[in-house]
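*Asks:* what's the 3D shape of this:
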Amino acid sequence: MHYVYKLQSLSHPNQIYTGCTNDLKRRLTEHNLGKSPHTKKYCPWKLTLYLAFPEKQKVEERRFRTVLKNAAKQPPNFAGNMIVATWGCGIDCRSFAIINAQTGKVWFPDFGMTSAPIDHPKYKGRLGYYYWKNSNLFVAIGSQGFGAVPGVYYYLWTGKELNLLQTEMN
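*Replies:* A predicted model of the protein is given here:
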């Protein structure tokens, strides 16, 4: 099972956190032990809501339904008939999904990007995702996870997924 969950800080009741996991008990323990950089400042936490789904895809669709719904109303901006929807996923973090404008099918990557200084001659000072309406090339600039080496990641959209073509590390 996969879960979308909502936490409330016991020490700062106005602080709410929403996450997803496949192990709810383990994840709540990690939050309360300060092992999550997004929640350690507001420990302890209590679980206020969770929803269970048999597929991870459904968890992500539920968790980001508002941004996906709003993005799907926009014209295609990637690879002909695709729409890239982006959102923040914490301090200095960006995530995204790719929506087929014709079918509404959503694809989620297995990575997000964190902002990191990059010293690349072509992309110096740039971060984030770059894509074009009439191209299947998708460029991600930054670090793929906390503490990872920053770089430029070049992907090719196959119509079903992004395949990594090349990486240029900082």
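
*Asks:* Would you map the helices across the chain?
*Replies:* With helices called from DSSP state H, the chain shows them at 24-32, 56-63, 65-72.

*Asks:* between those, which gets nearest to residue 109?
*Replies:* Smallest distance to residue 109 across the helices of the chain (Cβ to Cβ): 10.1 Å, for helix 56-63. Using the backbone N, CA and C atoms, a C-beta is placed for each residue, glycine as well.

*Asks:* Going by neighbour count, which residues of the closest one are buried?
*Replies:* By neighbour count on 16 or more other Cβ atoms under 10 Å, the buried set for helix 56-63 is 56, 59-61, 63.

*Asks:* Low-confidence stretches in this structure?
*Replies:* Residue ranges of the chain with pLDDT under 70: 90-91, 116-119, 125, 145-147, 170.

*Asks:* domains for it, by residue range?
*Replies:* If you go by automatic domain parsing, the domain ranges for the chain are 2-58, 68-169.

*Asks:* now the end-to-end length of the longest one.
*Replies:* Looking at domain 68-169, the gap from its leading to its trailing residue is 31 Å under the measure Cα to Cα, to the nearest Å.

*Asks:* Equivalent analysis for the first one, please.
*Replies:* This stretch, domain 2-58, spans 9 Å end to end (Cα to Cα).

*Asks:* so how far is it from its chain's centroid?
*Replies:* 16 Å (Cα atoms, centre = their mean, to the nearest Å).

*Asks:* And the last one, by the same measure?
*Replies:* In terms of Cα atoms, centre = their mean, the centre of domain 68-169 is found 9 Å from the chain centre.

*Asks:* what's the spacing between residue 138 and residue 77?
*Replies:* Counting by Cβ to Cβ, to the nearest Å, the separation of residue 138 from residue 77 is 11 Å.

*Asks:* in this structure, which spans are strands?
*Replies:* Secondary structure of the chain, counting by DSSP state E: strands at 2-9, 16-21, 45-53, 82-88, 93-100, 106-107, 113-114, 128-131, 137-142, 151-157, 162-169.

*Asks:* tell me which residues of the first one are tucked away?
*Replies:* Residues of strand 2-9 classed as buried by neighbour count (16+ other Cβ under 10 Å): 2-5, 7-9.
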